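Colleague: heads up, no residue letters with this:
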């Protein structure tokens, strides 16, 4: 019976719960990615300044976000803040805050590196034409940097999506956890429950990440002609 | 330069944690009985994917042995078993949920250990676990001595692995995955498999021709409700309630309702603790 | 004759290295000044001080009657000073036409249509009107530099600065770019041309400066300089070119 156990996916109650979990996953990831991209762009441009007043806080921000694992940040914000400051943010809010900060740091560094790697003559020739500093960023540097940072930032977006299962540790029930709940409840009656549920979740993750990757490939192809 | 920043960041993070923990604990006093009554519901952490202890059923409702106790606690304290806010927990965050004041009680198959007792207060137990050996009915293992000179399957790094490594004359066959270990037992690569009693009981119940001949090997470990460290008021209330429930054989009722379908016709007293009396 | 640009006693050091050491010169309306000298003699730095890409330590730069310095509104001044660099510096994400219209639209607030009309006239003048929709990477080096010239001209500058704009080009492409410059000279565009093309320096300039070690060692009519250089350094410099050719 090659399809034995597939009925776990045909149960509308099960599917509804998976959909609920999926909405949580997408909501946290999407909001975080939007914040990360916007704030990261801003901080990345600021971080191009070589002044100590910018570089020291920036490096501390970036390195502390990078070396401390996301899980520790989630615990710190969820349990630590509740304990020490009495801030009882719910798990989803905490997840969005932490992933936004993490994404902002990564995005800022991507932006900083992409703009920093543009030839200095781009800036100078734009300045020589009388463009202001902000016009140079807006019309010359950022549009060119975006083409360079696109693949890496898409990679960052998919990394954020794929990190959402960590949220179970701050009590958020996202799609993967719902899947595990379904599998464990059915394990005695359906030995292939894991296969079908994980299979569906695989497809779901693929359906979220693939269009993003496809879009980036299309844009890259279009821009490489230029 | 980069390394210096890393160093500074680590130092800042470590001191940040340590420094912050010396501040007033904001979680204090949110979980006094008066506060819970004023709030109108109990906040209890349970598992959502660990049947038969805590899981979510087909209709999306929390169920299981732990949940059965949780509902009764709500009824005893607030007069209504539905006055509960369940929080999903994982083994890794049970202590933090209590310390941060996010829940009042953890009822999540929480084994009492000296290490954990430093950070949370355990009430009296309502369940217990030890090491059990499941074996093929053709070659039954009914006591530890039966294993002499034979092959025993264990999962690397577990309590059972540690325990049997100290006993001479038993040939251990080690696996990393539980599923691989059980398959090895089916294939006859050992006469028995040693693991938590509850797990081998549940497995034997589902696999004809296998039974658990011995289920109380090693230290029998109590499993108990836990509250935030220092919340003696709530802990004492739980202890009193467990004693009271013992008079009506509540743990046995809970066993019949939640564990029996998983373990079959075993002796409830092998795993449950009635009235908090270990 | 009115001077558009007058530079007096200009000094500039990078740390201990003195790159400009008392430079004096002026450029009259419609005149072409060429500057030659070995690499590192300070000629590029000199050009860059004029539109504020480099600061100065001492001396005076007067452009169109205005003394330039730290409190200058460089954006306004730069829009009157066109500059073309050695490296290809077109904006790679923009089509040729958009490269040329960007500054007129954003800096001079010209309408798109007006800016494009100016741009097309200029592209026609540099012989690249058919490339209006091309991206920079589709152009040859010489074409890129001609677009860069058109881009600078689109701001309708009072003076144009050219910083070794043929240095990265092979001879054939240099030729087409230099011809564009000669055409500009013919319509009386005021220009300062830093170059290493000796034949070109001889042909285009009204006046020539020979720089060495941050100083102007010789100045005068190009024909005179090439016929009879006065200093030992200049003779050495020129002989190197003869040897190479």
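Modeller: That came through, no problem. Treat the numbers as computed from the prediction; the structure is a model and nothing was measured.
Colleague: For the rest of this, base every contact and every neighbour count on C-alpha atoms.
Modeller: OK.
Colleague: For the most centrally placed residue in chain A, what is the enclosing helix or strand?
Modeller: Per CA atoms, centre = their mean, the C-alpha nearest to the average position across chain A is that of residue A:160, at 2.8 Å. Element membership for residue A:160, per DSSP states H and E: helix A:142-163.
Colleague: Return the longest helix in chain A, judged by number of residues.
Modeller: When chain A is parsed with DSSP state H, its longest helix is helix A:12-46.
Colleague: and it, which residues are buried?
Modeller: In terms of neighbour count (16 or more other CA atoms under 10 Å in any protein chain shown), helix A:12-46 has its buried residues at A:14-15, A:17-19, A:21-22, A:24-26, A:28-30, A:32-33, A:35-37, A:39-45.
Colleague: Now look at it and say if it contacts chain B.
Modeller: Yes. Judged by CA under 8 Å from any CA of the partner chain, helix A:12-46 and chain B are in contact via A:13-14, A:17.
Colleague: other SSEs contacting that helix?
Modeller: With contacts defined as 3 or more CA pairs under 8 Å, 6 or more residues apart in numbering or on different chains; DSSP states H and E, helix A:12-46 has these neighbours: helix A:91-116, helix A:142-163, helix A:175-186.
Colleague: how about JSON lines for these, with mean pLDDT added?
Modeller: As requested, these are arranged in JSON lines below (pLDDT from 0 to 100):
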{"stretch": "helix A:91-116", "mean pLDDT": "94"}
{"stretch": "helix A:142-163", "mean pLDDT": "89"}
{"stretch": "helix A:175-186", "mean pLDDT": "87"}
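Colleague: can you give me the strands for chain B?
Modeller: Along chain B, counting by DSSP state E, strands occupy B:42-46, B:49-50, B:54-56, B:62-63, B:84-88, B:105-106, B:120-122, B:127-136, B:151-155, B:171-175, B:192-196, B:210-223, B:226-228.
Colleague: Relative to chain C, which of the ones you listed is closest?
Modeller: Nearest of the strands of chain B to chain C, taken as CA to the nearest CA: strand B:84-88 at 50.6 Å.
Colleague: Now do that closest one: everything it contacts.
Modeller: A:168, A:171-173, B:41-48, B:62, B:71, B:74, B:103 (CA atoms under 8 Å, 6 or more residues apart in numbering or on different chains).
Colleague: what's the closest residue to residue A:80 other than its chain neighbours sitting at in phi/psi?
Modeller: Spatially, and ignoring its direct neighbours in sequence, residue A:80 is nearest to residue B:100 (6.7 Å; CA to CA, 6 or more residues apart in numbering or on different chains). Taking degrees, to the nearest 10, you get phi -90, psi 0 for the backbone angles of residue B:100.
Colleague: quick revisit: what about the helices and strands packed on helix A:12-46, which gets the closest to chain B?
Modeller: Using CA to the nearest CA, the helices and strands packed on helix A:12-46 put helix A:175-186 closest to chain B, at 4.4 Å.
Colleague: could the strands of chain B be laid out in CSV, adding mean pLDDT and mean neighbour count?
Modeller: Listed next are the strands of chain B as CSV, based on pLDDT from 0 to 100; neighbours: other CA atoms under 10 Å in any protein chain shown:
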stretch, mean pLDDT, mean neighbour count
strand B:42-46, 95, 27
strand B:49-50, 86, 22
strand B:54-56, 92, 24
strand B:62-63, 94, 22
strand B:84-88, 94, 19
strand B:105-106, 96, 28
strand B:120-122, 96, 24
strand B:127-136, 93, 25
strand B:151-155, 94, 24
strand B:171-175, 93, 17
strand B:192-196, 93, 25
strand B:210-223, 89, 20
strand B:226-228, 95, 28
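Colleague: Would you reformat these as a markdown table and include distance to residue C:54?
Modeller: Formatted as a markdown table, the strands of chain B follow (distance: least, CA to CA, whole Å):
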| stretch | distance to residue C:54 |
| --- | --- |
| strand B:42-46 | 66 |
| strand B:49-50 | 67 |
| strand B:54-56 | 70 |
| strand B:62-63 | 71 |
| strand B:84-88 | 63 |
| strand B:105-106 | 68 |
| strand B:120-122 | 66 |
| strand B:127-136 | 78 |
| strand B:151-155 | 71 |
| strand B:171-175 | 70 |
| strand B:192-196 | 76 |
| strand B:210-223 | 75 |
| strand B:226-228 | 66 |
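Colleague: and the angle for the one helix or strand residue A:215 maps to with helix A:12-46?
Modeller: Using DSSP H and E, residue A:215 sits within helix A:193-225. Inter-element angle recorded for helix A:193-225 and helix A:12-46: 30 degrees (by axes from the mean of the first three to the mean of the last three CA atoms, to 10 degrees).
Colleague: Need the outlier residue of chain C, farthest from its centre.
Modeller: Per CA atoms, centre = their mean, the most distant residue from the centre of chain C is residue C:113 (28.1 Å).
Colleague: Now do the same for that residue: its pLDDT.
Modeller: Reported pLDDT at residue C:113 in the predicted model: 96.
Colleague: residues in contact with the helix or strand hosting it?
Modeller: Element membership for residue C:113 (DSSP H and E) is helix C:112-125. Residues external to helix C:112-125 that are found in contact with it (CA under 8 Å, 6+ apart): C:97, C:100-101, C:104-105, C:129, C:132, C:147, C:150-151, C:153-154.
Colleague: want to try a markdown table for those, with pLDDT, distance to chain A and secondary structure as columns?
Modeller: Conversion of those to a markdown table gives the following (pLDDT from 0 to 100; distance: CA to the nearest CA, whole Å; DSSP: H, G, I helix; E, B strand; the rest coil):
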| residue | pLDDT | distance to chain A | secondary structure |
| --- | --- | --- | --- |
| C:97 | 96 | 14 | helix |
| C:100 | 96 | 10 | helix |
| C:101 | 97 | 11 | helix |
| C:104 | 96 | 9 | helix |
| C:105 | 96 | 10 | helix |
| C:129 | 93 | 18 | helix |
| C:132 | 94 | 14 | coil |
| C:147 | 96 | 13 | helix |
| C:150 | 96 | 12 | helix |
| C:151 | 96 | 8 | helix |
| C:153 | 95 | 10 | helix |
| C:154 | 96 | 9 | coil |
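Colleague: Pull the contacting residues for residue 112.
Modeller: In the absence of a named chain, this looks at chain A. A:44-45, A:47-48.
Colleague: not what I meant, chain B
Modeller: Taking CA under 8 Å, 6+ apart, we find residue B:112 in contact with B:122, B:221-224.
Colleague: mind redoing it with 10 Å?
Modeller: B:120-125, B:128, B:221-226 (CA atoms under 10 Å, 6 or more residues apart in numbering or on different chains).
Colleague: Mind picking the two most distant members of those residues?
Modeller: B:120 and B:128 (18.3 Å; CA to CA).
Colleague: How much space separates the residue nearest to the spatial centre of chain B from residue B:53?
Modeller: Central residue of chain B (CA atoms, centre = their mean): residue B:109, 2.1 Å from the mean position. Going from residue B:109 to residue B:53 by CA to CA, to the nearest Å gives 7 Å.
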